[in-house]
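1. Okay, structure incoming, though there's no sequence with it:
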């Protein structure tokens, strides 16, 4: 279809210039139509001279065979093409070429649209995926020549598996032990950042049950010896607990991790006192605290700022489709800048604020997450405007999970973190 559109476009551009005479048949077509025509025959006229007939035969046959019996004028008449001053006929006029030229441009635009590179993007419907949503809604993928399809999952690991298997081209999600093992096998490349725990930006909170709080669990530093709900071993919540234990100088085993599979299960367990504490997204933690169902005792960014997740693609894409990866990164960065401009604002006292200019971005996020504006504001992470990654912290996470025997000893972040697509990554190992 694209080839035919290009042929039609070429025909429309050439017709008003008098080059329609070039639409005579080549010998192989002439034979099939029973018309004698030598390949050496050339087009007459001062501008058309010297151009071989076969050069334009394909264009003409895409529209329909000309009658080639007799002279050049017979062929032109049979094709219902007007004579022009360049081939001895009537002079050119604006009316003759403006309309075909405009239509030709339209066909070229349609052809370009059909040539867009199709990409699938795997993610979760969380606020941390906001740059993906913004880039889609504001046409940033299309502007880079990409036809993007967003595919959503309910957990982080399937996102990584989809990209590694080729079912998706790009992914954005939290780092986990499963992710690092896949990347360590050579299937994935981390090319940018998702979000991070940044000082001054409330995102993940430590929450104590009312009973544990009454018994003295009033700060995250008092978690050793207590139980802490997580989704599963090797999850981002496991990593947060491990980074805290490292900062406190205690073994992670001193905090009893209780895997409960899902956020609702974690929420219910801390409300009912089945666990002493949990790490939960800010909008859930603040709601429980306000309702008196648990106590918010601190924020992750206050103790252990860290790289929550990444932007990644397959190793195959990096090696075989680098221009596509570069185009995707540019579109993602545009979305990240839009988010940063209105969602990462703070006032003179360092408190986060959301002004009127944030409303359009919040509306886009709400479309994909189905969350209320209030919940979006309470659960909005810090997202770097350029997609820059805290590379050193990724190395630390891998080391921590190796100690926990959750990541294979052979996994080396240097092999799967590709810093060539985004400039200015932080904390690069020396």
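-> Nice, thanks for sending it over. The structure displayed is predicted, hence computed values, not measured ones.
2. hang on, residue 309 packs against residue 160?
-> No. Between residue 309 and residue 160 there is no contact under CB atoms under 8 Å: 10.4 Å. Just so you know, the C-beta spots here come from the backbone N, C-alpha and C atoms, and that holds for glycine as well.
3. Check the contact lists of these two and give me the overlap.
-> Common neighbours of residue 309 and residue 160, counting by CB atoms under 8 Å, 6 or more residues apart in numbering, are residue 173.
4. Mind telling me what element residue 407 is part of?
-> Counting by DSSP states H and E, there is no helix or strand that carries residue 407.
5. what sits against the closest residue to it other than its chain neighbours?
-> Residue nearest to residue 407 in three dimensions, not counting chain neighbours: residue 401, with 4.0 Å by CB to CB, 6 or more residues apart in numbering. Counting by CB under 8 Å, 6+ apart, residue 401 touches 177, 180, 234, 238-239, 242, 407.
6. could those residues go into CSV alongside secondary structure and pLDDT?
-> Formatted as CSV, the contacts of residue 401 follow (DSSP: H, G, I helix; E, B strand; the rest coil; pLDDT from 0 to 100):
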residue, secondary structure, pLDDT
177, helix, 96
180, helix, 97
234, coil, 94
238, helix, 96
239, helix, 96
242, helix, 96
407, coil, 97
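7. Compare those residues and tell me which is most surrounded.
-> Sorting these by how many neighbours each has (other CB atoms under 10 Å) puts residue 239 first, at 28 neighbours.
8. if we can go back for a sec, of the contacts of residue 401, which pair is most distant in space?
-> Greatest spatial distance in the contacts of residue 401: 180 and 242, 13.0 Å, computed using CB to CB.
9. wait, is residue 206 part of a strand?
-> Yes. The assignment for residue 206 by DSSP: H, G, I helix; E, B strand; the rest coil puts it in a strand.
10. That one is in contact with residue 296, isn't it?
-> Yes. The pair residue 206 / residue 296 is scored as a contact, 7.4 Å apart, by CB under 8 Å.
11. residues shared between the contacts of the two?
-> Residues touching both residue 206 and residue 296 (CB under 8 Å, 6+ apart): residue 285.
12. Show me where the stretch 201-350 of the chain dips below the pLDDT cut-off.
-> Within the stretch 201-350 of the chain, no stretch has pLDDT under 70.
13. mind running it again at 90?
-> Across the stretch 201-350 of the chain, the ranges flagged by pLDDT under 90 are 261-263, 281-284, 286-287, 349-350.
14. how about the helices in it?
-> Along the stretch 201-350 of the chain, the segments classed as helices by DSSP state H, counting those that start in this stretch run 210-214, 236-248, 263-272, 282-290, 300-303, 315-320, 322-343.
15. Including distance to residue 419, could those go into a markdown table?
-> Listed next are the helices of the stretch 201-350 of the chain as a markdown table, based on distance: least, CB to CB, whole Å:
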| stretch | distance to residue 419 |
| --- | --- |
| helix 210-214 | 42 |
| helix 236-248 | 21 |
| helix 263-272 | 32 |
| helix 282-290 | 30 |
| helix 300-303 | 24 |
| helix 315-320 | 12 |
| helix 322-343 | 12 |
